[in-house]
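>>> requesting a structural model of the entry that follows:
(2 chains)
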Amino acid sequence: MILDSKIPPGSIEKKWTDHKFNLKLVSPANKRKHKVIVVGTGLAGASASASLAELGYNVHTFTFHDSPRRAHSIAAQGGINAAKNYPNDGDSVHRLFYDTVKGGDFRAREANVHRLAEISVQIIDHCTAQGVPFAREYGGLLDNRSFGGAQVSRTFYSRGQTGQQLLLGAYQSMMRQVGAGQVKLHVRREFLDLVLVDGQARGIIARNLVTGALERHEADAVVLATGGYGRAFYLSTNAVGCNVTATWRAHKRGAFFANPCYTQIHPTCIPVSGDHQSKLTLMSESLRNDGRVWVPKNSGDKRPPAQIPESERFYFLEEKYPSFGNLVPRDVASRNAKTVCDQGLGVGASGLAVYLDFNDAIHRLGAGKIKEKYGNLFHMYAKITADNPYETPMRIYPAVHYTMGGLWVDYNLMSNVPGLHVLGEANFSDHGANRLGASALMQGLADGYFVIPQTLGHYLASTKMGKVTVDHAAFADAERGVKGQIDKLLSIKGKRPAMEFHRELGKVLWNDCGMARNESGLKHALEEIPKIRERFWKEVGVTGNGQDFNQAMEEAGRVADFLEFGELLVRDALTRRESCGGHFREEFQTPEGEARRDDENFSHVSAWEFKGVGQVSELHKEPLTFDNVHLTQRSYK
Amino acid sequence: MNLKLRIWRQKDAKSAGRFQEIEAKNIAADMSFLEMLDEVNNDLIRKGEEPFSFESDCREGICGTCSLVVNGLPHGPEKGTTVCQLFMRSFKDGQTISVEPWRARAFPVLRDLVTDRSGFDRIIAAGGFISVNTGGAPDANSLPVRKCDADAAMDAAACIGCGACVAACPNASAMLFVAAKVSHLGRLPQGQPERERRVLNMVAKMDEAGFGNCSNHYECEAACPKEISVEHIARMNRDYGCSSLLGSERESKDLGGG
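Numbers count the residues shown, from 1 in each chain, chains lettered A, B, ... in the order given. Purely as a prediction, here's the structure:
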């Protein structure tokens, strides 16, 4: 199958503008006749719901949370990038475009990234108009800070709660449409299958999590904005409810899964403390503006950090990468932390941590200024570790954070399944093999506010579709499949909680497909995961019944999907015989230990087609071409 | 450490509830409170018993999902902390800990420790927004905002919508939640055009959703994990008073044009 990315012709600066003009429109009177389902209410889903409803579409929005405001976008801390060039430091749309393509290690689509950079400026305007309380200077204008992978300050922020404030802006806009009757909100509903009629996405099966009832919902198009799959690793910075179920089940219905091996391991997280842990906590990348990363120069140096003199400290990022220093991109910072820990220089009880030290910044700026900038993060750190980061350096270690892979989409954000559109972290689009800090919020909102309102209309206006009701056989068929799986889970009556299998899977993925991968480890994982899956289906314990509020069953269903998905993640990593961004294959590195790409053989998107559980998926390649940036070995020295 | 838990069990909103006593054994001090509950639930599953339901998501104090009354206090004994950020080092070996859901007429129990807080969403849908459609916004720096106003708006906007304020209030009032949103939007120039109708509509919806009135106990501020100040309630009352007198008049004039 040939993957048509539908990238418009013309110069990169004009593609999106020309494309918008060439897209077909749905007239205002006809928009209300189209019903659109949006699944997920994070930045992408809420902004899409609000914007589509403002245009007049009949929007039905689903979330498995009790309220749309709970979506995990809310936890994003640091900020959102935009090429506003307010600080007059040389930023431009082209520079944001270039930094993002380079930051992604030249594995993203140029046209998508350029559109993202163009739209970034509109996002800030819109969110400000919504009342998002961005940080400001005394003169009343917006403040900026720096993030990794950039030498300009283009990150807008609301203290350490930027994701929360942007999400509340999108949520409020969506709730305004709920009040106006343009959005019908379905909370506590979990998407469990996609319904295809004549090959088009025409509805979903959702489970009412309170009553247990399976519901059929029909529509003219389905939009998935259900986030990333970082929880496949069990321990991650994701919320404990984050899951792959929606995208995985859509994949099983035919949607291609692209680049699943591109996972982002975030350098600054609170280290693992024990087996009981349910999640890891991120300390925002923005801390690297003022915090200095170091380890003792001598392995086995157990002195408290304050007693280690300057001359015996190894500021490994500053020394190795003088021009970017502590603000190198995430993949580079994470790998270097792993390297020094592997050399025995790590600190803390486990030796799997490095220091993030604010002592210099506190002396330079005063503790008050540091508190103003990062107060909530310092507070959170103190709560979790019982350490005071104003007095002693933070201890940090990389953790799974974000997933660049996701369902394959074309330039219009439509998957290879007609009518199924995928937004935000759930798609694979704009970040290539590594996402730069403060770019996830930008992408989620670009997709939801500015791209899908244009492209979905084109799909509806240019596609012939018959009337479909929920009595159609395809709905009964999909519902039967969902019910079958629920009944099966309940019938096992094993004694092991689903969480145990999830932890097992997580350990395999972290050890064999984490910050560094190699062929033998990946092959080992491919042997282990099916075994865990087999045990799961024999031994998992799910109490209660399906016609009821049943959290154990919800969790078991999500773990079952991770156990299938994990195998694809590893297979993709095994197939990609190069290192790029967040995918670091030990066999492929430069003499300095940096990622070595193979542009000749791997300058493509890997899009996988489902062939059955336990079967080897079929690989389709979308070639990537670079006409506007020069392919280079990334250097942050 | 070993603990004795008293967990509230309730089948649904209509059924009566009761406490179930469960032992929690070998609990590590660096576990979070919710990780301790996870382990207790896993033990129940291993015994073939039904685990109790409780909600959480981000487990870093920002999503507002977790909602437990621990020993009579919403989110437990630590000030300015959600229950997901509460760690077992705050408890002693052998201690008895009671765990209950939010208790408020407007938050009916769905199962065990899970309540329905959709009343909050209905209040936001009634007016907790600035009506601006995607696409037409002017440049973000075209309207300067005094830093003190932006900071004050951010203080109010830090609300996570967990409902601890309602659970703590003897009247189960939602005043702090509503006031925080009224203050956030009302402190910004962008929020001025709808200032009167916003507060009137949100308060009307709050009453309709079954929340009680404020009688100045300030339990809400004490329980708030984000330490949102009751000063916002005073601001809202002023806004509400002014809007009741002036707002309805302005609104009716607004409707006059062609």
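>>> all contacts plus neighbour counts: C-alpha atoms, from now on.
Noted.
>>> is any part of stretch B:147-159 close to chain A?
Yes - applying CA under 8 Å from any CA of the partner chain, one finds stretch B:147-159 in contact with chain A at B:K147, B:A150, B:D151, B:A153, B:M154, B:A157, B:A158.
>>> give me the residues contacting that stretch.
Residues outside stretch B:147-159 that contact it (CA atoms under 8 Å, 6 or more residues apart in numbering or on different chains) are A:133-140, A:158, A:161, A:165, B:177, B:180-181, B:183-188, B:226, B:228, B:232.
>>> following the chain past the one helix or strand A:K538 maps to, name the next helix or strand.
Secondary structure assigned from DSSP states H and E places A:K538 in helix A:519-539. On the C-terminal side of helix A:519-539, the closest following helix or strand by DSSP H and E is helix A:551-575.
>>> that next one: what's the following helix or strand?
Heading C-terminal from helix A:551-575 (DSSP H and E), you reach helix A:599-602.
>>> tell me how far that following helix lies from the chain's centre.
Centroid separation for helix A:599-602 versus its chain: 25 Å, with CA atoms, centre = their mean, to the nearest Å.
>>> next: stretch A:365-374.
For stretch A:365-374, the distance to the chain centre is 30 Å (CA atoms, centre = their mean).
>>> tell me the mean pLDDT for it?
Across stretch A:365-374, pLDDT averages out at 91.
>>> which SSE is immediately downstream of the lowest-mean-pLDDT helix or strand in chain A?
None of the helices or strands of chain A scores lower by mean pLDDT, DSSP states H and E than helix A:367-385, at a mean of 89. Going down the chain from helix A:367-385, the next helix or strand is strand A:394-403, by DSSP H and E.
>>> give me the contact list for that following strand.
Residues contacting strand A:394-403 (CA under 8 Å, 6+ apart): A:228-230, A:233, A:235-238, A:260, A:262-271, A:280, A:282, A:334, A:337-338, A:347-348, A:352-357, A:381, A:425.
>>> and if we set it to 7 Å?
Identification of contacts with strand A:394-403 by CA atoms under 7 Å, 6 or more residues apart in numbering or on different chains yields A:228-230, A:236-238, A:262-271, A:334, A:352-357, A:425.
>>> stretch B:194-213 now?
B:105-106, B:119, B:123-124, B:126-128, B:171-174, B:182, B:186, B:239-240, B:243, B:247.
>>> quick one: buried residues of that stretch?
Neighbour-count burial for stretch B:194-213 flags B:194-203, B:205-206, B:209-212 (criterion: 16 or more other CA atoms under 10 Å in any protein chain shown).
>>> give me the element the one residue in the stretch 1-150 of chain B that gets nearest to chain A is part of.
In the stretch 1-150 of chain B, the residue that lies nearest chain A is B:C58 (3.9 Å; CA to the nearest CA). Counting by DSSP H and E, no helix or strand carries B:C58.
>>> quickly find the element holding the residue nearest to it when sequence neighbours are not counted.
Take B:C58 and drop its neighbours on the chain: the residue closest to it by CA to CA, 6 or more residues apart in numbering or on different chains is A:A239, 3.9 Å away. For A:A239, there is no host helix or strand (DSSP H and E).
>>> right, and A:A239 touches B:E55 too?
No - using CA atoms under 7 Å as the test, A:A239 is too far from B:E55 to be in contact (11.7 Å).
>>> neighbour-wise, which of those two wins?
A:A239 (25 against 17; other CA atoms under 10 Å in any protein chain shown).
>>> contacts for the strand or helix carrying A:D99?
Element membership for A:D99, per DSSP H and E: helix A:93-103. Outside helix A:93-103, the residues that touch it by CA under 7 Å, 6+ apart are A:83, A:108, A:110, A:113-114, A:117-118, A:149-150, A:329, A:431, A:434-436, A:629, A:634.
>>> the helix or strand just after that helix vs chain B: in contact?
Following helix A:93-103 in sequence order, the next helix or strand is helix A:110-130 (DSSP H and E). Yes - Helix A:110-130 lies within reach of chain B by CA under 7 Å from any CA of the partner chain, at A:I124, A:D125, A:H126, A:T128, A:A129, A:Q130.
>>> between those, which is nearest chain B?
Scanning the residues of helix A:110-130 next to chain B for proximity to chain B, where the rule is CA to the nearest CA, the winner is A:D125, at 4.4 Å.
>>> what sits against that closest one?
Counted by CA under 7 Å, 6+ apart, A:D125 has contacts B:A137, B:P138, B:D139, B:A140.
>>> which one of those has the most neighbours?
Neighbour-wise, these (other CA under 10 Å) top out at B:A140, 19 neighbours.
>>> what about chain B, any weak spots by pLDDT?
B:247-258 (pLDDT under 70).
>>> and what of the stretch 401-550 of chain A?
Using pLDDT under 70, nothing in the stretch 401-550 of chain A is flagged.
>>> look up how far B:K11 lies from the residue in it positioned nearest to chain B.
Nearest residue of the stretch 401-550 of chain A to chain B, counting by CA to the nearest CA: A:K495, 4.5 Å away. Noted for A:K495: a distance of 23 Å to B:K11, by CA to CA, to the nearest Å.
>>> can you check A:W608 too?
44 Å.
>>> more neighbours, these two?
Using other CA under 10 Å as the criterion, A:W608 and B:K11 rank with A:W608 on top: 25 against 17.
>>> what packs against the helix or strand where that one lies?
For A:W608, the element it lies in under DSSP H and E is strand A:604-609. When contacts are defined as 3 or more CA pairs under 7 Å, 6 or more residues apart in numbering or on different chains; DSSP states H and E, strand A:604-609 packs onto strand A:257-258, strand A:618-623.
>>> how near is the closest residue to chain B within chain A to A:L3?
Ranking the residues of chain A by distance to chain B (CA to the nearest CA) places A:A239 first, at 3.9 Å. Taking CA to CA as the measure, A:A239 and A:L3 are separated by 33 Å.
>>> what about the closest residue to B:V69 other than its chain neighbours, how many residues close to it?
What sits nearest to B:V69 in space, not counting adjacent residues and going by CA to CA, 6+ apart, is B:E100, at 4.9 Å. Residues within reach of B:E100, counting by other CA under 10 Å, total 24.
>>> residue contacts, B:E100?
Contacts of B:E100 by CA under 7 Å, 6+ apart are B:I7, B:W8, B:L68, B:V69, B:V70, B:L113.
>>> so what's the first one bridging to?
This points to B:I7. The partner list for B:I7 in beta bridges (DSSP bridges) reads B:Q20, B:V99.
>>> one step back: from B:C63, how far out is the residue of chain A closest to chain B?
Distance from A:A239 to B:C63, by CA to CA: 9 Å.
>>> go on, B:N2?
Noted for B:N2: a distance of 30 Å to B:C63, by CA to CA.
>>> do B:Y218 as well
Distance from B:Y218 to B:C63, counting by CA to CA: 23 Å.
>>> neighbour-wise, which one of the residues of helix A:110-130 next to chain B leads?
Neighbour-wise, the residues of helix A:110-130 next to chain B (other CA under 10 Å) top out at A:I124, 28 neighbours.
>>> quick one: that residue and B:A140 touch, right?
Yes - if you go by CA under 7 Å, A:I124 and B:A140 touch, sitting 6.4 Å apart.
>>> run a quick neighbour tally on residue 37.
Since no chain was named, I'll use chain A. Here the count is done by other CA under 10 Å, and A:I37 has 26 residues near it.
>>> my bad, chain B
19.
>>> just the CA trace of the host helix or strand of it, in PDB.
Using DSSP H and E, B:L37 sits in helix B:33-46. C-alpha atoms of helix B:33-46 as PDB (Å, rounded to 0.1, in the frame of the first residue of the first chain):
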ATOM      1  CA  PHE B  33      -1.200   7.200  50.300                       C
ATOM      2  CA  LEU B  34      -2.700   6.100  47.100                       C
ATOM      3  CA  GLU B  35       0.000   3.600  46.400                       C
ATOM      4  CA  MET B  36      -0.800   2.100  49.900                       C
ATOM      5  CA  LEU B  37      -4.400   1.800  48.800                       C
ATOM      6  CA  ASP B  38      -3.300   0.200  45.500                       C
ATOM      7  CA  GLU B  39      -1.500  -2.500  47.500                       C
ATOM      8  CA  VAL B  40      -4.400  -3.100  49.800                       C
ATOM      9  CA  ASN B  41      -6.700  -3.500  46.800                       C
ATOM     10  CA  ASN B  42      -4.200  -5.800  45.100                       C
ATOM     11  CA  ASP B  43      -4.300  -8.000  48.200                       C
ATOM     12  CA  LEU B  44      -8.100  -8.100  48.000                       C
ATOM     13  CA  ILE B  45      -7.900  -9.200  44.400                       C
ATOM     14  CA  ARG B  46      -5.500 -11.900  45.400                       C
END
